[in-house]
Structures are given as C-alpha cells and as structure tokens.
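A.B. asks: one predicted model, sequence on top.
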Amino acid sequence: MGREEENDEEAPHRARTMRSVEKQRRTEHGDEADALLGRVAQGDENAFAELYDAWAGRLLALIIRIVIDRSQSEEVLQEVMLEAWRRAPSFDPSRGTGRAWLVTMARHRAIDRVRSSQAARDREDAWQGYLPDSDVTAAEVEDRMEAGRVRDALDAVGEPHRTTIALAYFTGLTHTEIAERMGVPLGTVKSRIRDGMAKMRAHLGEQR
Amino acid sequence: MSREGQDMTAATRIGVDDEELRKLLDGETGALLGASLTPVEPSAGMRAALLERIKGVEQDGAAPAPGDHSETGRADAPRGSDDAEELAPVIPLRRRRAWRYTAQAAAAVALIAAGFGAGYGSGYGSGYDGGHDTAMEHVTPMIDYTHLNQAQDVRRVTDTMSDGHVATLTWSEGMSMTALSLPAAMSASTGGTALQMWLEDPTSGITSLGTYAPDKGTTFTFLPMMPKPGQRILITAEPAGGSAQPTTRPLVVLAVGGQGGDGGSGQGAGPSGPASTPSSSAASHA
C-alpha cells in the first residue's frame, strides 16, 4: 500500500511528462492534425478554429513561396481551409497523416494558381519568361525554414539535389522547366529529385 | 475515375510528369518539407471570416467505410481532376474586402511612418504586402523581384545594346515597385568605375538614383521611383562613389513611352528614346 502511495505521488509528474512527450511526438508526426481533422469531420467548428490556428500560418508560408503574390496566396489559403472543412469527412488517417493531407492540398492549390495566372499572362501578355535563380531559390527556402531537422535533411542531400528539390517543391516550375533552367536533361532532374528525396527520407527517419 | 486515373491526372495538372516523383513530393517527406517554412501570419480577420463562412458550407458525406479509398482521404492525393471544378467557395468579396482594406490601411500607415523611400531601401514589400511587415520582414530581394515580374500590371522597357545584351526597367504601380536589371557582364566590366543611375524628367531635369549595386547573386536593383511617361532612366559610368551630374555618355537609355511602358511585351516595344550606345568598356566585357 505504502509503495503504491509513493508511486501515486509521482504519478501526476509522470503523466505530465508523458503527455508532453506524446504531444511532441504527435505534432512531429502529424497526428495532431489527424485528430483535429477527425473532429472537423464531425462538424466541430471549434476544432476547425484550432486547425486554423495550428496550420494557417504554415500553409500560407508554403503558398506564398509558390504563388509569390501575397493577395493571391491568401485567397488560395481561404480555398484550402474551406476545402479542408468541406472534405474533412473524407480524410482517412490510415492513408497518411493530416499534415500530408493539408500540405499537399495547399501545394497543389498554389501550383494550380500559378498555372492559372501563368496561362492568363501567356494569353494576355508577351511574358518575358522570368525564371527564378535556382541557387537563390534553394537559399531562400533554407533561410525560411523553421524546422531544424528538415533544414539539416535538405542540407544533407547536398548539391545539386538540394536546389533541384527546392525548385521542384517550392516553385510552380515543371520538371521540364527546371531542366531548362538548370541546363540539364529532364532525366537528370528526375533522378536528382528521386535520389534527393530518398536521402531526405533516410535522414529524417521513418515517416509514416 | 479510378484512383490511379485520378492520381495521374493530378500529376499532370501540377506539372509533374512522373507519377513516382509526384508520390515522392506529395508524400510524408515532402509534407515535412512543405510544413517547415517559417509561418506567415494571415491577414487579420481571415480567421473570423472563415469561421463565419463555414457555417454555410456543407461538409461532404460521412467518413468513408473501412477500405474505401476512392475519395481524397489519401495523404498524397487530396484532389483528383474530377474535383477541379468543385472549388470550395472563397469568402464573399464584400467580406474579404473588409479585411483586405483594413490590412491595406494598416500597410499605408506603416508606409507613411517608415517613409516612402524606405519601402525600397530595406522593406521592399511594405507597399504591397497587405501590411504584414512582421511576417514579410525577411523577404529577400529575389522574392520581391519575382513578385514584381509576376504582377498583373507589370510594365517593362528595355534597351538592347549593340552586343545584344539587354537592360530592363520593370515596374508595377500596384506594387509601388521599380527594378532595373543590367547584364551581369556590364556590372563586371566597370573596373574601378561605378554604374550610376539617373532619372531624367522633362520638367525637373536629371536626378541621381544612386549607383547600380545589385545584391550578391542577383542582376537587378530596386529604384526609389515610379516611372512616368516622358521620363528616361540613364546609366552612365562614373568615378567610384558616383558623381553629382553625369560626366559620361549614357551606356543605357530606358525611355518610358506614352503608355507608361511596353505592357509586358518585351523587347519588341523597346525604348522610345535614342538607341543605346554602350561604351567600349561595357561592350568589350559583355
């Protein structure tokens, strides 16, 4: 009995520690988004507010990086958040994390917007064909990275894979356009992305 | 449409022509990459507006039955092409305007407080980013330049030198931003002299815009002015440190036409002013 009482005294501390560790693990693995999306799927508006608080800033950073235009980026963010609300019931955590669901949705929406804007410009203007400088793009992405281990992973990939991944992920450029920009064959771009992402995955460890 | 068909179409839509690569970029590792950027605070009011808006947005059907993966529950394919036209409605314009106007007003206050010139010198984005100086304070010139070139109202005039190199003046009134881009070879050819930029106005005469000093790795610099019809931007080679008045013949002349530029039509509508006559030093190093 006495032993049990001693354990009970430590229990609150242990519980708090475990909750903290578990929360960190869940956040790192996107489980927090899973849980929030699950509640949003039930029509929980408070959960949607929490989802917004947790993800709007991160998603907007990604969208701005791709779309560039701040005003258009915020419109894309609205679309993404509303789509998250509308489609939350179809989110299936067994197929991937909520983080991947949200980030992929935002990235696709942003690229859609770039493509749409680009098409409009192509029709209406004689676009001069501006392309971002590849080295600067990679450096900018790293400068804006908050998550140290992801930055480390991207660094570990090394050049020219790092720049190729940055262009492929954070711009609206197609792989063909990246190949033209970097002056290498399309197959080289693909292999750099493939190998680079594999290295990143290995560096980051198992991601569900 | 089959799930595979949806994926392939989604890959094509976003310009990824390899399904394996699309899965890599859209998978968990890609998501970590995409979620790792420093968050940018959305405009004030967006949260409340969205929370109000969702009250009128119906959610899709019930959660899928176990084993049913035909919809967008997949992490790596949130939408198929069949969904492309089913865009979630954006917040009604009236409401969006409200918070955007608020943000723009805040931006205007910030801009006035900082001084118009400061908008070019250090906080390039402060005139157009909706008043999010905190979030945008680390925006680099390259992003600003990209932004400028993608502005809907972007205007350009160019001057093609005899060796084929092109100088470009790019501006957007909507963004209150003007940039000058000179050939890298021209900058490298100065050898102890400075490339000085001048604004020539039909009424006020010639004013120095400073020396051309692009940031490392770039070939452009921002100018603290908004081009007007009839004005010209001149580039001259001056002694290091610059001159009070031009002392040499212009290397580049960028003349702003009556329509305020070429409307993005590139070199075809080039400068209406006199043809440039690059000095031998600039041409020889080009």
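C.D. replies: Done, it's in. This one's a predicted model, so the numbers in the text were calculated from it and none came from an experiment.
A.B. asks: where does A:Ala153 land on pLDDT?
C.D. replies: You'll see A:Ala153 listed with a pLDDT of 84.
A.B. asks: now A:Leu77: how far from B:Thr219?
C.D. replies: 32 Å (C-beta to C-beta, to the nearest Å). (Each C-beta comes from the backbone N, C-alpha and C, glycine too.)
A.B. asks: who has more neighbours, the two?
C.D. replies: Each of A:Leu77 and B:Thr219 has its neighbours counted (other C-beta atoms under 10 Å in any protein chain shown); A:Leu77 has more, 30 against 18.
A.B. asks: which residue does chain A bring closest to chain B?
C.D. replies: A:Gly96 (2.0 Å; C-beta to the nearest C-beta).
A.B. asks: count of residues packed around that residue?
C.D. replies: 25.
A.B. asks: can you pull out the low-pLDDT segments for the stretch 151-286 of chain B?
C.D. replies: Scanning the stretch 151-286 of chain B with the threshold set as pLDDT under 70 gives B:162-164, B:188-191, B:216-218, B:258-286.
A.B. asks: before we move on, the earlier item: give me phi/psi at the residue of chain A closest to chain B?
C.D. replies: Here is the backbone geometry of A:Gly96 (degrees, to the nearest 10): phi 160, psi 170.
A.B. asks: and the gap between it and B:Ser187?
C.D. replies: 48 Å.
A.B. asks: what do you get for B:Met46?
C.D. replies: 42 Å.
A.B. asks: same question for A:Glu32.
C.D. replies: Taking C-beta to C-beta, one finds A:Glu32 at 49 Å from B:Ser187.
A.B. asks: neighbour count winner among these two?
C.D. replies: A:Glu32 (21 against 16).
A.B. asks: check which helix or strand the more buried one maps to.
C.D. replies: Assigned by DSSP states H and E, A:Glu32 belongs to helix A:31-40.
A.B. asks: beyond that helix, next helix or strand please.
C.D. replies: Assigned by DSSP H and E, the successor of helix A:31-40 is helix A:45-67.
A.B. asks: could you dump that following helix to PDB, C-alpha only?
C.D. replies: The C-alpha coordinates for helix A:45-67 follow below in PDB (Å, rounded to 0.1, in the frame of the first residue of the first chain):
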ATOM      1  CA  GLU A  45     -16.300  24.400 -35.500                       C
ATOM      2  CA  ASN A  46     -14.000  24.800 -32.500                       C
ATOM      3  CA  ALA A  47     -11.800  22.100 -34.000                       C
ATOM      4  CA  PHE A  48     -11.700  24.000 -37.200                       C
ATOM      5  CA  ALA A  49     -10.600  27.100 -35.300                       C
ATOM      6  CA  GLU A  50      -7.900  25.000 -33.700                       C
ATOM      7  CA  LEU A  51      -6.900  23.600 -37.100                       C
ATOM      8  CA  TYR A  52      -6.700  27.100 -38.500                       C
ATOM      9  CA  ASP A  53      -4.500  28.300 -35.600                       C
ATOM     10  CA  ALA A  54      -2.200  25.300 -35.900                       C
ATOM     11  CA  TRP A  55      -1.900  25.300 -39.700                       C
ATOM     12  CA  ALA A  56      -2.900  28.500 -41.400                       C
ATOM     13  CA  GLY A  57       0.400  30.200 -40.900                       C
ATOM     14  CA  ARG A  58       2.400  27.200 -42.100                       C
ATOM     15  CA  LEU A  59       0.200  26.700 -45.100                       C
ATOM     16  CA  LEU A  60       0.300  30.400 -46.000                       C
ATOM     17  CA  ALA A  61       4.100  30.300 -45.900                       C
ATOM     18  CA  LEU A  62       4.200  27.500 -48.300                       C
ATOM     19  CA  ILE A  63       1.600  29.000 -50.600                       C
ATOM     20  CA  ILE A  64       3.400  32.400 -50.700                       C
ATOM     21  CA  ARG A  65       6.600  30.600 -51.500                       C
ATOM     22  CA  ILE A  66       4.900  29.100 -54.600                       C
ATOM     23  CA  VAL A  67       2.400  31.800 -55.600                       C
END
